[in-house]
Each structure stands twice: as structure tokens, then as C-alpha cells.
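Novice: Pasted the sequence and its predicted model underneath.
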Amino acid sequence: MNTQSALDIANSPIMWIACGIAVAVVIVQAVLFAVKAYKSGEKVGLTKKQMNKAMKSSAITSIGPSVVVLSGMLSLLITVGGPIAWMRLSMIGSVMFESIAAGIGTNTVGVTLGTDTLTNEALGMAVWTMVLCSIGWVIFATFSATRMDKVQTKLSGGDAAKLISISTAAVIGVFSAMSAQHLVSLNKNSIACVLGGLIMFVMLQVSEKVKALKEWNLTISILLAMIITALLPF
Amino acid sequence: MNEKKFFEEEYMPKMNRIGKITGALGVVLAFLPALALAVVYGILPQPAALLTAFIAGASSFGVLWFVEPISYFSVLGPVGTYMAFLSGNISNMRVPCASMAQVSAEVEPGTEQGSVIATIGMAVSIVINVSVLTVGVILGSSILAMLPAEITAALNYLLPALFGALLVQFGIKSKSHTLCILVFAVLINIGLKGGIFNWLPGASNYLGILTSVFLSIAVAIATYNKKNKEKA
């Protein structure tokens, strides 16, 4: 039972296949939903042009955060092997949660993740703990979605305009909370958050005049804010 | 209204069915790597150790299993909820992508069109997310070594910048509302940082999103009702 063997097992073809099937479900679900949504779009009054624009804008928006998740995966990859890191961040994943869950699993059998050598026993614990602790989200979300929808419809009293207000307010709530987390950290993250907001404010004014810029507003704001923050001398 | 009828009676039931089947399948297949370890390599944790770890995990994350789907529901809608929780990376990718897709298609969240556009946007983000991870895992840690230190450092600032920019993008239309919610969220987060919510179960960070979302919704409903009364 040396390190080599546990990590060899974690990186074996069988683990690639097992993890690959799990990741495939995520992709299959996304494709099924997207195809059905795209086909139905025109029936709910959308144009092909709108839907294509949406795809393009989402693709542009995804790239930055995907790279951040990738850099998180690379640290997990060293500790629990490629296939599991890849699967866990493609499915029900979040970098913070996965590392903590894996750590809880291995700690229980006396192995500190990233410091001690990974034993077979610790590998098993890490994988089982990550899976058991993550399926709660999917189970609750999947089987309460229609019920929550009913509650929300009731809350809006079937008033379409009210439902728009509720959803818009929820979006503002999410981004306020996420920004606030970084603002109170009082470090360079706070500066990046403020800069992102300020540059976006400017971009919104500019893109009113130069329409072609519109879909690049977010990318430009993020990139500039990142670069300026990184270049700050402290 | 024909569009509404199609959406409610044909589209949504089908989407709900796809969501429930693939969600259940996802839960079962998530165990494959664990089963592969057990069947092929005979690695099976001691039930007692696993139970200890599960309890430790559940007491830190268990509340999130319920609080997060509820907090994000009004943003994601039913279809978005199926997708976001199976794929993960919700606040940092699914919500921004769905919202930006709605902005560029010029549709409102909470409408039929908004729901369809968000679904398309999220699906695209999932495919890109998984593709980037797949390329990354194949190239392995060698690509991390390839990146200059300046870039890896700058990456840390991507998410804060993203959230700040998105807050302005969506908040600019209702400035005073957004400012109120932001001030509230900052206060809650100062409280969280100061540890005054430590008596709550689990990692109490979820409190920030939960309370901000529901306060924002409550304020919006109150404002909306007031406006309608004035009109009437």
C-alpha cells in the first residue's frame, strides 16, 4: 500500500471510464434540454437570431470562469487523481466543496490530503465522501423543482409582471451577496470587485453609442479589472 | 394566449420529465467511481469510518442541500434548477451565463422567453465548462506549469471582478433597490466574518445569499404592490 499504487488506481483506465459515464449524464442532460428549448423557442415568440445571440453570449461568459475552475481542478488532480477531479468538477462540483469533502474523508482515516501519502483506504474514503455529500443537492433540487415553481407562481398571484420583478430582484440579490463577500474581505479581491463594477458602468454608457461593444461589455470589464488589480504594487 | 398554453402544457411537462429522469440517473451514476474502486480494486471504506465522514460532511454542507436550491430558484427557474445542481458551479458560471444570455437576447427573467433563453445559455456554459476541464485534465498539471505566475495570480481576481460587473449590469436599472440590498449584504457578511452567526448549523456562509435574495424579492414585491395601488 504505497502512494504509487493508490494514485495509480485513481488514474487507471477503469476510473476514467467510470467517471466518464457520470460526466456524460451531465452533457446528455444539457444537450436534451438545449435541443428541446431551441426547437420550442419560436413557439414562445423567440427568433433564431435571439437564441443564437444567447448562445454566443453565454459561450463568451463561460470561458473566464471555466479557466478558474480548471485551475482549481489542477490542485485536486494532484491529490485525488485526474478522473475523479475531472468528474467532481464537471458534476455537482464546486472547487471549495470538493477539496473540503475529500479532506474530511481522508482525515477520518488519518490521512491529511496534500501532505500525507494517499493510501488506498484514504482514496476510497475521499471518493465515497465526495459522492455522498454532493448528491443531496441534486436529490433535493431535482425533486422539489416543480413544487418550488408552484410556490413561486402562488407568490406572484399569476401576475406575469410581478414574476419578472421577483426574478429580477433575485438576480440582484445573488450578485449583491456574491459581491459583498469579496467587498468585506478588504484585500485585492475587494478592489477587483469594485473595479469590475466601475468599468462595467463605463462600458454600459459607451456601448449605448457603440452597439457592437455590447456583448463584450462583461469580458472587457473583467479583463481590465483583473489586469489592473494584478498590476497594483501591493 | 397560445404561447403560454404551449409553454405550460407541452413544453414544461416535457422539460420536467427530462429533468427528473436525468437527475435521478445522475445521482445513481455518481456512485460509479466509488463502485469501480470497490468491485475492481476491492477498496471499500469501513462503514463506521464512512459514517463518521458523512456526518462531518453533512453537518458542514447539509443545510446547503436545501438552502441553495431554494435561494437560487427564482433566478434559475425549474429547468435551470435541474441543470445547475447536476452540473454545479452555480454562482460562478450558471447564473452569470443564464443572465447574460437573457441580456443579449433582450428577454426578461421570469418570462417564458426568459426561461427558454436561460436554458440554452446554461447548456452552452455546461458544454464549454466540461470541455475546458476535459482538455485540462488530459494535458494535466503540465499546463499549470506553463502559465506564468502573473496569470495564475490574476486569475484570483476574475470572480470578484465578474460579480462586481454583473451587479452593476443588473442593478443599474433599479439603483436605489440594488444599493439597499448591497448594503444589507455587506452588513450580513461583516457579521459572518465577525462570527456572530456561528451558532447556525454548518458553514453559515449560505446566509448571505439566502437573506439577500429573499430581502430583495420582498422589497420588489412591496414596491410592485405599492406601485399598482397607486395606479388603481
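Specialist: Done, it's in.

Novice: Residue ranges of each domain in the chain, please.
Specialist: Since no chain was named, I'll use chain A. The domain map for chain A lists A:1-143, A:159-234, with the assignment taken from automatic domain parsing.

Novice: Chain B was what I was after
Specialist: Using automatic domain parsing, the domain ranges for chain B come out as B:72-146, B:149-227.

Novice: what's the neighbour count on residue B:8?
Specialist: 12 (other C-beta atoms under 10 Å in any protein chain shown). In this view, the C-beta of every residue, glycine as well, is placed from N, C-alpha and C.

Novice: any low-confidence regions in the chain?
Specialist: If you meant another chain, say so; for now it's chain A. Regions of chain A meeting the criterion pLDDT under 70 cover residues A:1-4.

Novice: Can you look at chain B instead?
Specialist: Counting by pLDDT under 70, chain B has low-confidence residues at B:1, B:141, B:144-145, B:201-204, B:232.

Novice: Just give me the residue right at the centre of it.
Specialist: When C-alpha atoms, centre = their mean is applied to chain B, the residue found nearest the centroid is residue B:90 (2.6 Å).

Novice: and the closest residue to that residue other than its chain neighbours, what element?
Specialist: Closest residue in space to residue B:90, ignoring its immediate chain neighbours: residue B:84 at 4.7 Å, by C-beta to C-beta, 6 or more residues apart in numbering or on different chains. Per DSSP states H and E: residue B:84 is located in helix B:47-87.

Novice: so who does the most centrally placed residue in chain A touch?
Specialist: The central residue of chain A, meaning the one whose C-alpha is nearest the mean C-alpha position (C-alpha atoms, centre = their mean), is residue A:94 at 6.3 Å. For residue A:94, the residues meeting the contact criterion (C-beta atoms under 8 Å, 6 or more residues apart in numbering or on different chains) are B:88-90, B:92.

Novice: Scan the residues you listed and report the most crowded one.
Specialist: Using other C-beta under 10 Å as the contact criterion, the top neighbour count among those goes to residue B:90, which has 29 neighbours.

Novice: what about it, distance to residue B:161?
Specialist: Counting by C-beta to C-beta, to the nearest Å, the gap between residue B:90 and residue B:161 amounts to 18 Å.

Novice: rewinding a little: most tightly packed of the domains of chain B?
Specialist: Using mean count of other C-beta atoms under 10 Å in any protein chain shown, the stretch among the domains of chain B with the greatest mean number of neighbours is domain B:72-146 (a mean of 24).

Novice: Quote the end-to-end distance of that one.
Specialist: Distance between the two ends of domain B:72-146: 37 Å, counting by C-alpha to C-alpha, to the nearest Å.

Novice: So for residue A:76, which of the domains of chain B sits nearest?
Specialist: Taking C-beta to C-beta, domain B:72-146 is the member of those nearest to residue A:76, at 10.1 Å.

Novice: Tell me how far the closest one lies from the chain's centre.
Specialist: Distance of domain B:72-146 from the chain centroid (C-alpha atoms, centre = their mean, to the nearest Å) equals 9 Å.

Novice: if we can go back for a sec, surely the residue nearest to residue B:90 and residue B:122 touch.
Specialist: Yes - when contacts are counted by C-beta atoms under 8 Å, residue B:84 is listed as touching residue B:122 (6.8 Å).

Novice: Between these two, which contacts overlap?
Specialist: With contacts taken as C-beta under 8 Å, 6+ apart, the residues that reach both residue B:84 and residue B:122 are residue B:94.

Novice: near chain A at all, whichever helix or strand comes after the helix holding residue B:84?
Specialist: Once helix B:47-87 ends, the next helix or strand along the chain (criterion: DSSP H and E) is helix B:95-105. Yes - looking at helix B:95-105 against chain A by C-beta under 8 Å from any C-beta of the partner chain, the contacts come from B:95-105.

Novice: Just name the closest of those to residue B:150, please.
Specialist: Ranked by distance to residue B:150 (C-beta to C-beta), the residues of helix B:95-105 next to chain A are led by residue B:96 at 24.5 Å.

Novice: ok so, going back, the helix holding residue B:84: how far from the chain's middle?
Specialist: The chain centroid and the centroid of helix B:47-87 are separated by 11 Å, computed with C-alpha atoms, centre = their mean.

Novice: next one: stretch A:132-149
Specialist: From the chain centre to the centre of stretch A:132-149 is a distance of 17 Å (C-alpha atoms, centre = their mean).

Novice: What are the contacting residues of that stretch?
Specialist: By C-beta under 8 Å, 6+ apart, the list of residues contacting stretch A:132-149 from outside reads A:88, A:92-93, A:97, A:101, A:104, B:16, B:19-20, B:23-24, B:26-27, B:30, B:50, B:54, B:57-58, B:61-62, B:64-66, B:68-70, B:73, B:77-78, B:81-82, B:84-86, B:88.

Novice: Show me which positions of that stretch end up buried.
Specialist: Residues A:132-142, A:144-145, A:148-149 are the ones in stretch A:132-149 that count as buried (16 or more other C-beta atoms under 10 Å in any protein chain shown).

Novice: Look up how far chain A lies from residue B:71.
Specialist: Separation of residue B:71 from chain A (C-beta to the nearest C-beta, to the nearest Å) stands at 8 Å.

Novice: and the residue nearest to residue A:214 when sequence neighbours are not counted, what does it touch?
Specialist: Spatial nearest neighbour of residue A:214, excluding adjacent residues (C-beta to C-beta, 6+ apart): residue A:207 at 4.5 Å. Listed by C-beta under 8 Å, 6+ apart, the contact set of residue A:207 reads A:213-214, A:217.

Novice: repeat for residue B:173
Specialist: In this structure, residue B:173 makes contact with residue A:168, judged by C-beta under 8 Å, 6+ apart.

Novice: That one belongs to a helix?
Specialist: Yes - for residue B:173, which was evaluated using DSSP: H, G, I helix; E, B strand; the rest coil, the result is membership in a helix.

Novice: remind me, longest helix of chain A?
Specialist: The helix spanning the most residues in chain A, taking DSSP state H as the definition, is helix A:120-156.

Novice: what's the spacing between that one and its chain's center?
Specialist: 15 Å.

Novice: what angle separates that helix from helix B:47-87?
Specialist: Here the directions of helix A:120-156 and helix B:47-87 differ by 50 degrees (axes from the mean of the first three to the mean of the last three C-alpha atoms, to 10 degrees).

Novice: Other residues contacting the helix or strand residue A:226 falls within?
Specialist: Taking DSSP H and E as the definition, one finds residue A:226 inside helix A:217-231. Contact partners of helix A:217-231, identified using C-beta under 8 Å, 6+ apart, comprise A:60-61, A:64, A:188, A:191-192, A:195-196, A:199-200, A:203-204, A:207, A:213, B:96, B:100, B:150, B:153-155, B:157-158, B:161-162, B:164-166, B:169.

Novice: before we move on, what about stretch A:42-51?
Specialist: Contacts of stretch A:42-51 from elsewhere in the structure, counted by C-beta under 8 Å, 6+ apart, are A:38, A:41, B:3, B:6-7, B:11, B:105-107, B:112-113, B:116-117, B:120.

Novice: Which residues belonging to that stretch are considered buried?
Specialist: By neighbour count, and taking 16+ other C-beta under 10 Å as the criterion, the buried residues in stretch A:42-51 are A:44-46, A:50-51.

Novice: Now tabulate these in a markdown table and tack on secondary structure.
Specialist: Supplementary listing: these in a markdown table, determined by three-state DSSP:
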| residue | secondary structure |
| --- | --- |
| A:44 | helix |
| A:45 | coil |
| A:46 | coil |
| A:50 | helix |
| A:51 | helix |
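
Novice: Cheers, nothing more for now.
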